[in-house]
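Participant: sequence plus the predicted model coming up.
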Amino acid sequence: MALEESHVRRAAHLARLAISDDQANRFVDDLSRILEMVDQLQQVNTDNVAPLAHPLDATQRLRADEVTETDRREQYQRCAPATEEGLYLVPRVVE
Amino acid sequence: MHDQTVTQLAAALKSGELSSREITAHYLQRIERLDDKLNSFISVTAERALNAAEAADKARADGHAHALAGIPLALKDIFCTQSVKTSCGSKMLDNFVAPYDATVVEKLEAAHTVSLGKTNMDEFAMGSSNENSHYGPVKNPWDLKAVPGGSSGGSAAAVAAGLVPAALGTDTGGSIRQPAAFCGITGLKPTYGRVSRYGMIAYASSLDQAGPMARSASDCAHLMNVIAGHDVRDSTSAARGVPDYTENLDAPLSGLKIGLPKEYFGDGLDADVERAVREAVRVYESLGATVREVSLPHTHYAIPAYYVIAPAEASSNLSRFDGVRFGHRCEDPKDLIDLYTRTRQEGFGEEVKRRILIGTHTLSEGFFDAYYIKAQKVRRLIRQDFLDAFEDVDVLMGPAAPTTAFNLGAKKDPVSMYLQDIYTIAVNLAGIPGISVPAGFAHGRPVGLQILGTHFAEAQLLNVAHQFQQATDWHRHLPALAEENA
Amino acid sequence: MQWETVIGLEVHVQLATRSKIFSGSSTAFGSEPNTQASAVDLGLPGSLPVLNEQAVAMAVQFGLAVHAEIPEVSVFDRKNYFYPDLPKGYQTSQMYHPIVGAGEVEITLDDDVTKRIRIHHAHLEEDAGKSLHEDFQGMTGIDLNRAGTPLLEIVSEPDMRSAKEAAAYLKAIHSIVTYLGISDGNMAEGSMRCDVNVSVRPKGADAFGTRAEIKNVNSFRFVERAIAFEVERQIELIEDGGKVVQETRLFDPERDETRSMRTKEEANDYRYFPCPDLLPVVLDQAYLDHLKTLLPELPADKRARFQNELGLSAYDANVLATSREMAEFFEEAYQVCGDAKQAANWVQGELSGALNRENLAIHQSPVSAQQLGGLIERVVDGTINGKAAKEVFQALWNGQGGSADEVIESKGLKQVTDSGAIEAMIDQVIAESPAQVAQYRDAEPDKRGKMIGYFVGQVMKASRGTANPQQVNGLLKQKLDALL
């Protein structure tokens, strides 16, 4: 499947990455070569093969419904770029 | 002292011949003296280490110390540590001090081991050469022109140069085994889920696994005894008992059935590397093992499958780096989209962006089935190859990498870099354990023998590796740099 | 042209777990910002989710209550998008293998018309945090206390044909989740929110029209109003030659209208894929059987039993069965008094009226079900008359006395049924009212029935309300007619 610049631009937008025109061109080249390599997958016959998401056939363990966390806001917000009155600050969100 | 194994140092600590303070101070001096050349550490925490060493000595004096109490270690900078920066090799986290410790860090501290600091790595563990670090490349102690491998290149170089007796690394597609091979040390990637991932910054969650990197298999066994085990905070952690990994080290290998996957000895394998690996296999035959050729027919598709699955998971795992709650944030964002796009543009390096873009693209509408679902189906076939092989043989052996360490800057094209992981990557897709042990040299650089076992066969792998190290002394070789005097 | 409305609902129910779906943080409402946001809820690097067993149990109980198929395996997926209230950059949800499969809910429309609404599936997911738009140096503040609160998203088939049906469906869901105790159902606090998909098509057409999705409607009334507005808008648009566009709209209750959420974004691409940090959830039959034994009697079954076994009207049965608390109150009162019809009347009448006046929920009622039952029993056995009963109720409401019998005793409200005593009072009233007796005598026979009211009132007054009104009536008539 051929990769076009629009694909890279769209992926960059979805992934919230700002990329310059220069970079876009380079990424188109790089990603095209990577996907060309990836396209070898199409040679494999996978009829009747179920996808494998986890290497072990384990199932989800469940946690008891207990409150085990205490308020650690101060520690957690020490590594935050911008907070006020306990809130994380971001540029105004327009709804 | 720096040529000693963890096993030897632990004995000296136990007998009282050495104190942890002495050992710790010694290694800190070595880091101070030699690491300028290697760049293997991102953070060195000398004062904390000396304090921890004193506490370990005290615990020993009080008679309730763990076998490894007082042993200095280093942590790949991917494990979250309270009060010490955890950068993951990225500008994005250059200012990040985690408010909590990773489970393995807690376990190591509980055993009174002494952390000397955090080691350099490819950014977010994405790379095979350690050239993708925000903190600059790491050099291979055997030859400063060469890469140490990646992504756990800092841990590998530090251990190889005798800056620390052992270190923790992580392995998503070969990131413990390949740098161990390139730097001539022993590195174990345990079964997926054997060691907790809690507090280990995720690259590709269904592939990531932490493991020990040290001078010997015996050292790795000692470290596994500390770090392995079920963690209720990690849903993917295996809920099964942990053996004493040192117990079985001395078991004889007579009757061991070794399989050599024919796909691991094909095109692209350096002839001298092959020679060293085949020589190592002959050592096993002399120890009573039988050898046969086996086939892992889907080997060729492991790299393509990996470069769909790992970037897909990574693209999602790395979305949390958005400049809101932690990490880098761009100056004066003018609106929300600017905050996101500029923060991530500035914070992530080239390779990370590349993988985020691949992952985002292959998960997006119209491509998901052809790439992601297809790759997951191929993943099942790859795992089945291994399970079939282990019906016939006990372990698989082959090279850890197709070549020895290549020179810095030698691989400019991402795809040629990715192909480095041809022998390691399928192991992560299948979730099985693998170990790389020093098996001689080619072109003056170390060669790693990779030994693979079935799920949860770590004890067996360590036994098989240890017996080799009883019969050979490749793992005792030290690079000239390690012997340099001040 | 005749138009038909087609409605489907996605109802998000916050599950009443103590801790969050993937972390041990409290889910309590109304705490200081970010004091209930742990490393997992904040999406700190390296943190990992572990699933809450109670969230699973609650989702499955809902599934069992709507007769849904519960698949053996369900899987969590990641829904990827960036938003400040979504800390990880993805919402953990279930796209491909939800925990609850297809089921159905019975709704009751006017009186006894019922209709089945199919449920497509219900899935577990985590709630997002909240954006606070007050001015923080021109910035928006993010509170992640709510992030990670378990949600059950219940997705209906497009089976509803009117705003009324949609509201009835929402009420039915509300009733089921509160019956099960899996949610407090508090819409004002956002414990239950819904997205409404609305389209119109010419009556008789098979194909659906283009739908608009109205996001985050948070009351029964708003659902009806939003749909009413939206249907009208779409019909007008089409009749004027326009086309409905598939879009997301918001309901503005102040202006009573929906409007487009004109996002500059092009259509989202959420890139769902299985969450690699969580493993498949596998539920075996024994687990389902166990949960089945814990199910309470559900609204539809209660309604049927109230009608069929207790002989209540469809209307009464429906009103009483809608709320589990009210139904249980009613049943307890009925157990005491033995008269279902009377108990239904009292609960819906006097009791509900008093509760409404003082804005109390039924569990806050000052009159207990036992007390009310005791009171009704005395009405039924004739110990007190209706007027006295109201007085007893008021006394109990005000805390004057522990039981109806106590109040009746202390206030002397016991009904007088002794004919001799009543006759004596009548004789006295007749003796004291010569003018009225004269009027009665002179009146046309057909007017006399009305005039007797005066005498009844006087007798009742003399008895301080305790005389049996029927007896008073009968005896008065005899005695007055004897004077003619």
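Facilitator: It's in.
Participant: got the residue ranges for the helices in the stretch 151-300 of chain C?
Facilitator: Taking DSSP state H, counting those that start in this stretch to define them, one finds helices in the stretch 151-300 of chain C at C:163-180, C:220-239, C:285-294, C:299-308.
Participant: and stretch B:259-277, how far apart are its ends?
Facilitator: Across stretch B:259-277, the terminal residues are separated by 13 Å (Cα to Cα, to the nearest Å).
Participant: one step back: just name the most buried of the helices of the stretch 151-300 of chain C.
Facilitator: Compared across the helices of the stretch 151-300 of chain C, helix C:163-180 shows the largest average neighbour count, a mean of 22 (mean count of other Cβ atoms under 10 Å in any protein chain shown). Yep, even glycine has a C-beta here, placed from its N, CA and C like the rest.
Participant: how about that helix, does it reach chain A?
Facilitator: No. Helix C:163-180 does not reach chain A (Cβ under 8 Å from any Cβ of the partner chain); its nearest approach is 15.2 Å.
Participant: tell me, how many residues neighbour C:Asn345?
Facilitator: Around C:Asn345 sit 14 other residues, with neighbours defined as other Cβ atoms under 10 Å in any protein chain shown.
Participant: Three-state assignment for it, please.
Facilitator: What DSSP: H, G, I helix; E, B strand; the rest coil gives for C:Asn345 is helix.
Participant: let's see the pLDDT reported for it.
Facilitator: On pLDDT, C:Asn345 comes in at 95.
Participant: please tell me how far it sits from chain B.
Facilitator: In this structure, C:Asn345 lies at 54 Å from chain B, with Cβ to the nearest Cβ, to the nearest Å as the measure.
Participant: state the distance from that residue to C:Asp110.
Facilitator: C:Asn345 is 20 Å from C:Asp110, where distance means Cβ to Cβ, to the nearest Å.
Participant: I figured A:Ala18 hits B:Gly347, correct?
Facilitator: No. Applying Cβ atoms under 8 Å as the test, A:Ala18 and B:Gly347 come out as separate, 11.1 Å apart.
Participant: give me the common contacts of those two.
Facilitator: Common neighbours of A:Ala18 and B:Gly347 (criterion: Cβ atoms under 8 Å, 6 or more residues apart in numbering or on different chains): none identified.
Participant: which SSE is immediately downstream of the top helix by length along chain A?
Facilitator: Looking only at chain A and at elements set by DSSP state H, the helix with the highest residue count is helix A:21-38. Scanning forward in sequence from helix A:21-38, with DSSP states H and E defining helices and strands, the next element found is strand A:62-63.
Participant: packing partners of that next one?
Facilitator: Contact analysis of strand A:62-63 by 3 or more Cβ pairs under 8 Å, 6 or more residues apart in numbering or on different chains; DSSP states H and E lists strand C:51-52, helix C:53-65 as its packing neighbours.
Participant: check the offset of that strand from the chain's centre.
Facilitator: Taking Cα atoms, centre = their mean, to the nearest Å, the mean C-alpha location of strand A:62-63 is offset from the chain mean by 26 Å.
Participant: how about the following helix or strand past it: buried residues?
Facilitator: If you walk from strand A:62-63 toward the C-terminus, the next helix or strand you reach (DSSP H and E) is helix A:73-77. Within helix A:73-77, the residues that qualify as buried by neighbour count (16 or more other Cβ atoms under 10 Å in any protein chain shown) are A:Arg73, A:Tyr76, A:Gln77.
Participant: ok, stretch C:439-449 next?
Facilitator: C:Tyr440, C:Arg448.
Participant: tell me the mean pLDDT for that stretch?
Facilitator: 82.
Participant: can you give me the end-to-end span of it?
Facilitator: In terms of Cα to Cα, the two terminal residues of stretch C:439-449 are separated by 12 Å.
Participant: now tabulate the helices of the stretch 151-300 of chain C in a markdown table and tack on mean pLDDT.
Facilitator: Formatted as a markdown table, the entries for those read as follows, by pLDDT from 0 to 100:
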| stretch | mean pLDDT |
| --- | --- |
| helix C:163-180 | 95 |
| helix C:220-239 | 94 |
| helix C:285-294 | 96 |
| helix C:299-308 | 93 |
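Participant: of all of chain B, which residue lies closest to chain C?
Facilitator: Of all residues in chain B, the one sitting closest to chain C is B:Ser319 (2.3 Å; Cβ to the nearest Cβ).
Participant: the spatially closest residue to that residue that is not a sequence neighbour: what's it in contact with?
Facilitator: Leaving aside its chain neighbours, B:Ser319 sits nearest to C:Gly89 (2.3 Å; criterion: Cβ to Cβ, 6 or more residues apart in numbering or on different chains). C:Gly89 is in contact with B:Ser316, B:Leu318, B:Ser319, B:Arg320, B:Asp322, C:Gly43, C:Asn80, C:Tyr81, C:Phe82, counting by Cβ under 8 Å, 6+ apart.
Participant: out of the residues you listed, which are inside helices?
Facilitator: In helices, defined here by DSSP H, the members of these are B:Ser316.
Participant: closest to B:Pro212 out of the contacts of C:Gly89?
Facilitator: If you rank the contacts of C:Gly89 by distance to B:Pro212 using Cβ to Cβ, B:Leu318 comes first, at 26.3 Å.
Participant: tell me which residue in chain A sits closest to chain B.
Facilitator: In chain A, the residue found nearest to chain B is A:Pro55; the distance is 2.4 Å by Cβ to the nearest Cβ.
Participant: and for that residue, the neighbour number?
Facilitator: Applying other Cβ under 10 Å, we find 25 other residues in the vicinity of A:Pro55.
Participant: what is the mean pLDDT for the helix or strand that contains B:Phe441?
Facilitator: With elements taken from DSSP H and E, the one containing B:Phe441 is strand B:434-442. For strand B:434-442, mean pLDDT rounds to 98.
Participant: secondary structure element for the residue of the stretch 101-250 of chain C found nearest chain A?
Facilitator: Closest contact between the stretch 101-250 of chain C and chain A, by Cβ to the nearest Cβ, is at C:Gly141 (3.2 Å). C:Gly141 belongs to strand C:139-143 when elements are defined using DSSP H and E.
Participant: same check on B:Gly359?
Facilitator: Secondary structure assignment for B:Gly359, by DSSP H and E: helix B:350-363.
Participant: what is that helix packed up against?
Facilitator: Contacts of helix B:350-363 with other secondary structure elements, assessed using 3+ Cβ pairs under 8 Å, 6+ apart, are made with helix A:5-14, helix A:21-38, helix B:302-317.
Participant: the second one packs against which elements?
Facilitator: Using 3+ Cβ pairs under 8 Å, 6+ apart as the contact definition, the elements that helix A:21-38 packs against are helix A:5-14, helix B:302-317, helix B:350-363, helix B:414-418.
Participant: do you know which of the ones you listed lies nearest C:Leu288?
Facilitator: With Cβ to Cβ as the measure, helix B:302-317 is the member of these nearest C:Leu288 (31.9 Å).
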